[in-house]
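[1] just the structure for this:
(one chain, ligands or ions: 1)
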Amino acid sequence: MKPKSIFSTSSTEDNETARNREHKPMLSKAFRKAGEFATATANAIARRNLVSSGGGVSTETADVVVIGAGVVGLAVAREFALKGRDVLVVEAATTFGTGTSSRNSEVIHAGIYYPPQSLKAVLCVRGRELLYKYCSDRGIPHKQLGKLIVATRVSEISKLEQILKRGIENGVEDLRMAEGSLAMEMEPELHCVKALLSPSSGIVDSHAFMLSLVGDAENFGTTISYNTIVIGGQVEDNSLHLQVSESKDLENHAGESTTQPQLVIIPKIVINSAGLSALHLAKRFQGLNHRFIPASYFARGCYFTLSNTKSPFSHLIYPIPEDGGLGVHVTLDLNGQVKFGPDVEWIDDVDDISSFLNRLDYSVNAERSSRFYPEIRKYFPNLRDGSLEPGYSGIRPKLSGRGQLASDFVIQGENIHGIPGLVNLFGIESPGLTSSLAIAEYLVSKFAG
Ligand SMILES: Cc1cc2nc3c(=O)[nH]c(=O)nc-3n(C[C@H](O)[C@H](O)[C@H](O)COP(=O)(O)OP(=O)(O)OC[C@H]3O[C@@H](n4cnc5c(N)ncnc54)[C@H](O)[C@@H]3O)c2cc1C
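    The predicted structure is shown next:
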């Protein structure tokens, strides 16, 4: 497929195009030249009537700094800006949404699977409502396709019933159990013995959504500084001093664990929304007790697409969840193209610099398709040999490892770690896209003061 620019407001750009595009700074506020970096960042801050103390590495104060311009960071920046706060977003890449936010299924989850009262359950249900409304109000492409969670063997029916019970406990009110015959009437290519229909599940154009968040945030005075990495921090005088460098500087020193910051920013509020890097970054905050930093695990999820075929399904089709993920499911994009995945591949820890620079292995090994065929054929028996093609992959920032119980989102403020103004967002895996507006609402209500 020919890449289109994300920067057009075209509603047809798909997630894959966005992943493959050559990322270019899209906003005038991006800082392009290495030599101009510290000045540009300092000027951006100075324009906001903040004070420079000068001398050595420049030091600036700020109101709210959001680290990371993924979907969560952008939603949070927008929400603080709407509440009248002066927000600076610091993003390592050349544009927004190049991390996990452009490497997911783009599914609007209903909120079925998560333990009742967990942050995932509460924020997913609320986030889904907010997201549908936001997309409808702004004309952001989305579709409430509905989803079928399927039992393909009689022995799986009890699991389906547990999922139904949990969904009801979480406030997902429209779930319906359907006999296999009815589900197979709805989806003639489907094989199942029973299915749980979730009418409120859907899909969204995540890039159009993020572009809109950027627009909102900027309209309310947010500055987004691309090519800008937070390399660490130091707790001094009861606040976190962020050490900031131009990304190029870190690239030039790749392999070295420390570089000299070009700028120190002292914000009133810091939201660590660095996705896959959030835990690594927190370890570089001197003065933050490491006992508050959970263990990190990474699980790659690969997708395969169906070659030369129109989608056999019109709903999202999910099997019973597996350890670490929701099972190799069927997702449709807004152009009606089908993809299967993601699977779960536990990978070794990545080093901090590689995670900051997003130098991660996203390749999809074509041989993994041999595991996909039998999984998919459980519910789609007519899948032809040779029809799966490698698609893309994303990496889940997980807080629990292989065989462990799935962990919740972790949102830590001063009440937990004792550092005024610092909010860490850890383990923001799925349903982070769906929950993004609710996470933002929650943070502002809890931490805006
Ligand atoms: C395979 C897969 C499928 C998924 N499917 C779904 C789904 O269907 N529905 C759903 O709701 N959720 C889904 N998710 C989850 C969802 O994609 C994430 O929860 C969400 O994108 C996380 O957004 P984020 O802003 O926290 O992180 P990211 O998008 O990773 O953004 C973090 C940003 O921080 C920047 N950064 C990192 N380090 C630094 C630093 N030191 N200084 C400055 N910037 C830095 C990065 O460059 C990046 O832009 C899926 C996830 C995966 C992996």
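[2] how about the residues of the stretch 51-200 of the chain near the ligand?
    Proximity of the stretch 51-200 of the chain to the ligand is confined to 67-73, 90-93, 98-101, 103-107, 109 under the rule C-beta under 6 Å from any ligand atom. Placement of C-beta: from N, CA and C, glycine included.
[3] just the helices in this structure please.
    Using DSSP state H, the helices of the chain run over residues 15-20, 37-46, 71-82, 119-138, 157-169, 180-186, 206-219, 247-252, 278-283, 352-356, 369-377, 414-417, 432-447.
[4] I'd like those helices as JSON lines, with mean pLDDT and mean neighbour count appended.
    Output for these, formatted as JSON lines (pLDDT from 0 to 100; neighbours: other C-beta atoms under 10 Å):
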{"stretch": "helix 15-20", "mean pLDDT": "46", "mean neighbour count": "20"}
{"stretch": "helix 37-46", "mean pLDDT": "55", "mean neighbour count": "19"}
{"stretch": "helix 71-82", "mean pLDDT": "98", "mean neighbour count": "28"}
{"stretch": "helix 119-138", "mean pLDDT": "98", "mean neighbour count": "20"}
{"stretch": "helix 157-169", "mean pLDDT": "96", "mean neighbour count": "16"}
{"stretch": "helix 180-186", "mean pLDDT": "97", "mean neighbour count": "16"}
{"stretch": "helix 206-219", "mean pLDDT": "98", "mean neighbour count": "22"}
{"stretch": "helix 247-252", "mean pLDDT": "86", "mean neighbour count": "16"}
{"stretch": "helix 278-283", "mean pLDDT": "97", "mean neighbour count": "21"}
{"stretch": "helix 352-356", "mean pLDDT": "93", "mean neighbour count": "21"}
{"stretch": "helix 369-377", "mean pLDDT": "95", "mean neighbour count": "16"}
{"stretch": "helix 414-417", "mean pLDDT": "97", "mean neighbour count": "13"}
{"stretch": "helix 432-447", "mean pLDDT": "98", "mean neighbour count": "23"}
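[5] and those helices as TSV, adding distance to residue 230?
    As requested, the helices of the chain are arranged in TSV below (distance: least, C-beta to C-beta, whole Å):
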stretch	distance to residue 230
helix 15-20	24
helix 37-46	11
helix 71-82	12
helix 119-138	24
helix 157-169	38
helix 180-186	48
helix 206-219	18
helix 247-252	10
helix 278-283	6
helix 352-356	8
helix 369-377	38
helix 414-417	17
helix 432-447	18
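[6] please save the CA atoms from stretch 344-364 in CSV.
    Presented in CSV, the C-alpha positions along stretch 344-364 are these (Å, rounded to 0.1, in the frame of the first residue of the first chain):
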residue,chain,number,x,y,z
VAL,A,344,2.0,-13.3,22.6
GLU,A,345,5.8,-13.6,22.4
TRP,A,346,7.6,-12.8,25.6
ILE,A,347,10.8,-10.9,24.9
ASP,A,348,13.9,-10.0,26.9
ASP,A,349,14.1,-6.7,28.7
VAL,A,350,15.2,-3.9,26.5
ASP,A,351,17.8,-1.4,27.6
ASP,A,352,16.7,2.1,28.6
ILE,A,353,18.3,4.0,25.8
SER,A,354,16.9,1.7,23.1
SER,A,355,13.5,2.1,24.6
PHE,A,356,13.7,5.9,24.7
LEU,A,357,14.8,5.9,21.0
ASN,A,358,12.2,3.2,20.1
ARG,A,359,15.0,1.0,18.7
LEU,A,360,13.0,-2.1,19.3
ASP,A,361,12.6,-5.2,17.2
TYR,A,362,9.2,-4.9,15.5
SER,A,363,9.9,-7.4,12.7
VAL,A,364,7.4,-10.2,12.1
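[7] cool, thanks, signing off.
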